[in-house]
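*Asks:* From the sequence below, what's the structure:
(chains A and B)
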There are 2 protein chains.
Amino acid sequence: MATWPIPHPMQRALELARKAAEAGEVPIGAVVARGDEIVAEAHNEPRESHDPTAHAEILAIRRAASALHQERLDGCDIYVTLEPCAMCAGAIVHARIARVYYAAPDPKGGAVEHGARVFAHPQCLHRPELYSGMGENESAELLRGFFRERR
Amino acid sequence: MATWPIPHPMQRALELARKAAEAGEVPIGAVVARGDEIVAEAHNEPRESHDPTAHAEILAIRRAASALHQERLDGCDIYVTLEPCAMCAGAIVHARIARVYYAAPDPKGGAVEHGARVFAHPQCLHRPELYSGMGENESAELLRGFFRERR
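*Replies:* As a prediction, this is how the structure comes out:
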């Protein structure tokens, strides 16, 4: 039984993670939303695009900024299926994202509650509100399945 | 008197920083090189491109990966005029850059020797060799001049 219904943007992020797996990419999806409206979305695709920065969050933020014709995404939230890494947490700061919702924690690569803890330093220019756990089981199962098949 | 001659890739990064300033962007430049060969270069351009991720390092890394048709830049070095932020340090990890040369330290936004110290955590997947200080005065003067004019 789920603790609460998964909001639409996180459901969409999970669908995008599934699409990433189908494309042979690590299954991670991200959605930038303003209120209930989805502004931009992406899945992880560093392999296909030959781009080490092509994480779901970076692509979704770039697409949202492009769609809104502005450098900063004030008032926008991001929904992502895995705890952001240092690169993506840094991009979230630069974009001034208001709220970060992530599904599963990532003790190895995450940089929100693990490792570099990007938002926890006094120098951090912007601290989004942080929420985690919604869709955690679904996200973790997608990642486990992906790596199980490749072992 | 300079301590040592500034290598060609860092001279080019400083030229790119000057171009950024001329375009109204914070003057930071970056060059990805393999040995003596420049693979890709960029200056900071988040304002013009409406892209909060468009830091010099991110653009140079994306262009280098695209030019080499590979996700990882093994054997490549990056020369950048300012200490990388958390986003750019994270991208350097993902790209497996071998050596990072940065000119000036950045106590406010840097995440190599300040703040998030991205390469210093046990979880960090790849640790580049780090060098700082070449071209520091030139870079710091460009940044001071840019912000002085805008005050």
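
*Asks:* element containing residue A:64?
*Replies:* Element membership for residue A:64 (DSSP states H and E) is helix A:56-68.

*Asks:* now that helix: mean pLDDT?
*Replies:* Summarised as a single mean, pLDDT over helix A:56-68 is 98.

*Asks:* Kindly report the same for stretch A:13-28.
*Replies:* pLDDT averaged over stretch A:13-28 gives 97.

*Asks:* from the chain's centre, how far out does it sit?
*Replies:* 12 Å (C-alpha atoms, centre = their mean, to the nearest Å).

*Asks:* So which residues make contact with it?
*Replies:* Stretch A:13-28 is contacted by residues A:6, A:29-31, A:41-48, A:55-56, A:79-82, A:103, A:135, A:138-139, A:142-143, A:145-146 when judged by C-beta atoms under 8 Å, 6 or more residues apart in numbering or on different chains. Every residue, glycine included, has its C-beta placed from N, CA and C.

*Asks:* ok, and what's touching the worst-scoring helix or strand of chain A on mean pLDDT?
*Replies:* In chain A, no helix or strand scores lower on mean pLDDT, DSSP states H and E than helix A:46-49, which sits at a mean of 93. Under the contact criterion C-beta under 8 Å, 6+ apart, helix A:46-49 has outside partners A:23-25, A:52-55, B:71, B:94.

*Asks:* before we move on, back to that, mark which of the contacts of stretch A:13-28 are part of helices, please.
*Replies:* A:46-48, A:56, A:138-139, A:142-143, A:145-146 (DSSP state H).

*Asks:* quick one: which of the residues you listed is most hemmed in?
*Replies:* Counting neighbours by other C-beta atoms under 10 Å in any protein chain shown, residue A:56 leads the ones in helices among the contacts of stretch A:13-28 with 29 neighbours.

*Asks:* Not counting sequence-adjacent ones, nearest residue to it?
*Replies:* Excluding its sequence neighbours, the residue lying closest to residue A:56 (C-beta to C-beta, 6 or more residues apart in numbering or on different chains) is residue A:30, at 3.7 Å.

*Asks:* and the residue nearest the centre of chain A, what are its bridge partners?
*Replies:* Nearest to the mean C-alpha position of chain A, counting by C-alpha atoms, centre = their mean, stands residue A:80 at 2.8 Å. Beta-bridge pairing for residue A:80 (DSSP bridges): residue A:30, residue A:102.

*Asks:* can you tell me how far it sits from chain B?
*Replies:* Distance, residue A:80 to chain B, by C-beta to the nearest C-beta, to the nearest Å: 15 Å.

*Asks:* Now do the same contact list for that residue.
*Replies:* Residues in contact with residue A:80 (C-beta under 8 Å, 6+ apart) are A:13, A:28-31, A:56-57, A:60, A:88, A:100-103.

*Asks:* try 7 Å
*Replies:* A:13, A:28, A:30, A:56-57, A:102 (C-beta atoms under 7 Å, 6 or more residues apart in numbering or on different chains).

*Asks:* and these as CSV, adding distance to residue A:108?
*Replies:* Shown next, in CSV, are the contacts of residue A:80 (distance: C-beta to C-beta, whole Å):
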residue, distance to residue A:108
A:13, 20
A:28, 13
A:30, 19
A:56, 17
A:57, 17
A:102, 15
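
*Asks:* Taking the residues you listed together, which two end up most distant?
*Replies:* Largest separation among those by C-beta to C-beta: A:56 and A:102, giving 10.8 Å.

*Asks:* Residue A:133: how many residues sit nearby?
*Replies:* Per other C-beta under 10 Å, the neighbour tally for residue A:133 reads 13.

*Asks:* For it, give its distance to residue B:141.
*Replies:* Between residue A:133 and residue B:141 the computed distance is 48 Å (C-beta to C-beta, to the nearest Å).
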